[in-house]
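>>> sequence first, then the predicted structure:
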Amino acid sequence: MTFGDMDFSPLNENDIPLIKKYLALAGYEESNHNLVNLLMWQNQFPLFKYISDNWVLLLGIHQGTLFLYMPLCERKYLDDAIEQASAIFHKGGINFVMSAYTKDVKEQILEKHPNFCACSPRESYDYVYEREKLVTLSGKKLQKRRNHYNGFMKTYGDRYKFEPIEGYIEQCKDLLKSWKDDDNDDFLYYERLGTEYVLDNFQILEAKGGCLLINDKVEGFIIGSYGSKRMVQINIEKANDQIRGIYQVLESEFLSRYFTECELVNREDDMGKQNLRDAKMASVPLYLIEKYRICEEVKHDCQGGCKG
């Protein structure tokens with residue numbers, strides 16, 4: 001895709017080493033700028049890349065609107081990357097829109113471009129937890145989740161096991177086929193496609209995963225990857241929600257075995273779905289990561305109002 005005077009090519013599996021390198025340079029702790037997420041959501045959010053010596057620009061498309069992810073670069077190159085991106089949007093005759101920007105990056109951009117505007121849709125906020133709390137479920141505030149965990153153990157404690165996902169990919173696909181199969185929500189449709197992609201490409205994505213079996217049948221699986229050196233991001237959690245406590249056990253088993261050096265767990269956003277918001281808040285997040293949509297002109301519809 002030629003945009004402005006730059007050639008952007010679709011992001012694909014061959015780009016994994018390069019994108020991983022530039023993500024590490026950027027040091028973002030935000031769920032959209034995660035290697036697994038960038039690749040798994042391309043059916044819904046097609047991605048195109050432009051690579052320079054100092055930065056990588058990623059263009060996404062959402063509901064017909066072209067937008068720029070946070071430039072992948074060291075912070076000292078951020079201003080230059082934004083200037084270059086703004087120029088190519090202008091040459092293309094398209095409003096310059098940026099999406100999924102963290103507060104610190106947003107503030108750096110607005111300091112240099114006070115004419116830009118920003119809004120922060122609540123449904124985009126990431127939920128971040130202490131890893132140890134999700135493993136032990138300790139404390140009064142997590143009593144309800146601990147009750148669900150104990151309920152699972154009382155019923156299935158001698159009949160379940162947690163295994164690495166590599167040996168059960170096909171069984172995980174079978175579970176995915178029946179997971180919420182009566183729900184026609186568009187998001188769930190694309191989530192299934194993305195989950196299938198991750199399962200099919202698990203060996204090259206540098207993710208880790210496990211599955212929970214009851215009577216040797218896969219009833220849940222979970223996949224995570226590094227969000228930063230100190231943060232693990234849970235990319236996928238799927239389970240038979242008719243089984244009380246299965247998600248609590250799934251998370252506890254996974255986080256007690258993998259990413260044990262990480263202090264924090266990013267369980268991503270709630271997409272504005274009240275049931276997800278209630279569940280994520282019930283797990284008592286340590287903090288939320290605010291994310292911003294930035295537009296070049298205040299008159300542009302910023303989907304939720306503009307603020308500096």
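That came through, no problem.
>>> can you map out the strands along the stretch 101-250 of the chain?
117-119, 126-130, 160-164, 208-214, 217-228, 231-239 (DSSP state E, counting those that start in this stretch).
>>> quick one: the fourth one to chain centroid distance?
The chain centroid and the centroid of strand 208-214 are separated by 20 Å, computed with C-alpha atoms, centre = their mean, to the nearest Å.
>>> which helix or strand contains Gln37?
I think there's a mix-up here, since residue 37 is Asn and not Gln. For Asn37, the host element (DSSP states H and E) is helix 35-40.
>>> helix or strand next in line after that helix, which one?
Counting by DSSP H and E, what follows helix 35-40 is strand 47-51.
>>> partner strands of that next one, parallel or antiparallel?
strand 9-10 (antiparallel), strand 55-62 (antiparallel) (DSSP bridges).
>>> can you list the residues that contact it?
1, 3, 6-11, 15, 18-19, 38, 56-60 (C-beta atoms under 8 Å, 6 or more residues apart in numbering). (Each C-beta comes from the backbone N, C-alpha and C, glycine too.)
>>> make a PyMOL selection of the buried ones in these.
A single PyMOL command is used to select the members of these judged buried by 16 or more other C-beta atoms under 10 Å:
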select buried, resi 3+6+8+11+15+19+38+56+57+58+59+60
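>>> Phe187 contacts Met271, correct?
Yes - between Phe187 and Met271 there is a contact under C-beta atoms under 8 Å: 6.4 Å.
>>> so what sits against both of the two?
With C-beta under 8 Å, 6+ apart, Phe187 and Met271 have no common neighbours.
>>> before we move on, the earlier item: out of the strands paired with strand 47-51, which comes closest to Ile94?
strand 55-62 (10.2 Å; C-beta to C-beta).
>>> just checking the distance from that closest one to the centre of its chain.
Distance, centroid of strand 55-62 to centroid of chain: 16 Å (C-alpha atoms, centre = their mean).
>>> I'd like to know which elements whatever helix or strand comes next after that strand is packed against.
Sequence order places strand 65-68 as the next helix or strand after strand 55-62, per DSSP H and E. Contacts defined by 3 or more C-beta pairs under 8 Å, 6 or more residues apart in numbering; DSSP states H and E place strand 65-68 against strand 55-62, helix 78-91, strand 97-102.
>>> which residues touch the residue nearest to Lys20 when sequence neighbours are not counted?
Nearest non-adjacent residue to Lys20, counting by C-beta to C-beta, 6 or more residues apart in numbering: Leu35, 5.8 Å away. Neighbouring residues of Leu35 by C-beta under 8 Å, 6+ apart: 16, 19-20, 23, 205-206, 225.
>>> report the lowest-confidence entry in those.
pLDDT across the contacts of Leu35 is lowest for Glu206, at 89.
>>> would you map the helices across the stretch 101-250 of the chain?
103-112, 131-136, 143-156, 169-178, 186-200, 246-257 (DSSP state H, counting those that start in this stretch).
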